[in-house]
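> Could you work out the structure for the sequence below:
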Amino acid sequence: MQHQVPRKSSFRYLFGIGLAFAVALVSPVPCAAAPSVAPSHGYDRGTYVLPPQTGRTPFQFAGVTIPLDRRGVLARVQEELNFLLMDRRAKLLEWFDRMGLYGPSIKPVLAEEGVPEDLIYFAVLQSDLTPHARKGTGGAGWWALAPQKGKKGQPPAPWAATEDWDDRRDPVLATRIAAGTLKGLLAKTNDNDWLVAICAYADGADKVEEIAAKAKGFSYWDMVMPPYSEHLIPRLIALKLIDTYRAYYGLNVPQMPPASYDFLGRLKLLKDLPLHVVAKWCGITPRAMWELNPGVSATTGLLPKADKIFPEGLPIRVPKGTAQKVQQHLRRDGYVAN
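Numbering: from 1, shown residues only. Reported below is the predicted structural model:
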């Protein structure tokens, strides 16, 4: 005869299971705390805070001391800090890789041009440090350089582009052009303020200069900038903070080795030079050769000969240790004069 559980016992059994399930739902479950996170500013989730070191020594960006002791400034910087660390963490790692790869090529140019090294972070936000970056406003390349147009008497764009070559995609040429533009904008700001100059570059000189003219004697933090620039400067500062204190934010990633190459200078070519030909001379792939020379159009793959647009020729980079071999091939095959 099959044994049956008495109804009263079944009820107690089911009631016990239900009570245990309810307790499990409302009981707190222990979890590992995120590093360097503390609740702040009314967020309903953990918030990353500034490293303790920033409270002991002044923090500067582009030679400008950032007044992090001001509550409003701190709140704006911390908001961007959390945006980058929580919503763009994977992108941060990509940026740091590219800074390791291309920073050693870009930073010396900034120094030569008399522009603060910190402005490399601006290039990061402008293009992700990729030569093929494009903005909806028409900007392209490492610094989102765009043509100047729309007004009579305005000077032509300080860069050149053809179907074979674009100055904006070359890291060194683009950096020199951007540095010149930024220095020109700096000269028009109140008290040579790089933060305002960056805003003028990003949002348009006319717009920002008008705002600055009405706020003489005041800093960036006291002005109301166009929407993009309102977030741009705090985000640049947050990016530098994260880069400076990577260990504090748990971003201890191996540094990418810098791009290594021989620079042949500007070549006054007698005829167009296909990059795949140079790649064969060097024993590398055409893609690897293009990555060294991103100013060349990926579609045509030709380094164009010297002409009225490029009378001095164009720069070329080849793998480290292959300069002499490439120069011999150039002379032998009639690409340059003997």
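> can you pull out the helices in this structure?
In the chain, the helices defined using DSSP state H lie at 7-26, 71-82, 89-112, 120-127, 171-186, 194-203, 205-213, 227-244, 275-282, 286-292, 323-332.
> Could you name the helices and strands sitting against the third one?
It stands for helix 89-112. helix 120-127, helix 171-186, helix 227-244 (3 or more CB pairs under 8 Å, 6 or more residues apart in numbering; DSSP states H and E). Placement of C-beta: from N, CA and C, glycine included.
> Can I get the longest one as CSV, trimmed to CA atoms?
Provided in CSV are the C-alpha atoms of helix 227-244 (Å, rounded to 0.1, in the frame of the first residue of the first chain):
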residue,chain,number,x,y,z
PRO,A,227,27.1,72.0,-25.3
TYR,A,228,30.0,70.0,-26.8
SER,A,229,32.7,72.1,-25.1
GLU,A,230,30.7,72.0,-21.8
HIS,A,231,31.5,68.3,-21.6
LEU,A,232,34.8,68.3,-23.6
ILE,A,233,37.1,70.0,-21.1
PRO,A,234,36.0,68.0,-18.0
ARG,A,235,36.2,64.8,-20.1
LEU,A,236,39.8,65.7,-21.1
ILE,A,237,40.7,66.3,-17.5
ALA,A,238,39.0,63.0,-16.5
LEU,A,239,40.9,61.1,-19.2
LYS,A,240,44.2,62.5,-18.0
LEU,A,241,43.4,61.6,-14.4
ILE,A,242,42.6,58.0,-15.4
ASP,A,243,45.7,57.7,-17.5
THR,A,244,47.9,59.2,-14.7
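> what does it rub up against?
By CB atoms under 8 Å, 6 or more residues apart in numbering, the residues outside helix 227-244 that reach it are 50-51, 54, 59, 61, 66, 73, 76-81, 83-85, 92, 95-96, 99, 118, 121-122, 124-125, 195, 198-199, 202-203, 208, 220, 224-225, 249, 251.
> Show me what counts as buried in it.
Neighbour counts using 16 or more other CB atoms under 10 Å place 229-243 of helix 227-244 among the buried residues.
> returning to what we had before: nearest to L267, out of the helices of the chain?
helix 323-332 (7.3 Å; CB to CB).
> what about R89, how many neighbours?
Around R89 sit 13 other residues, with neighbours defined as other CB atoms under 10 Å.
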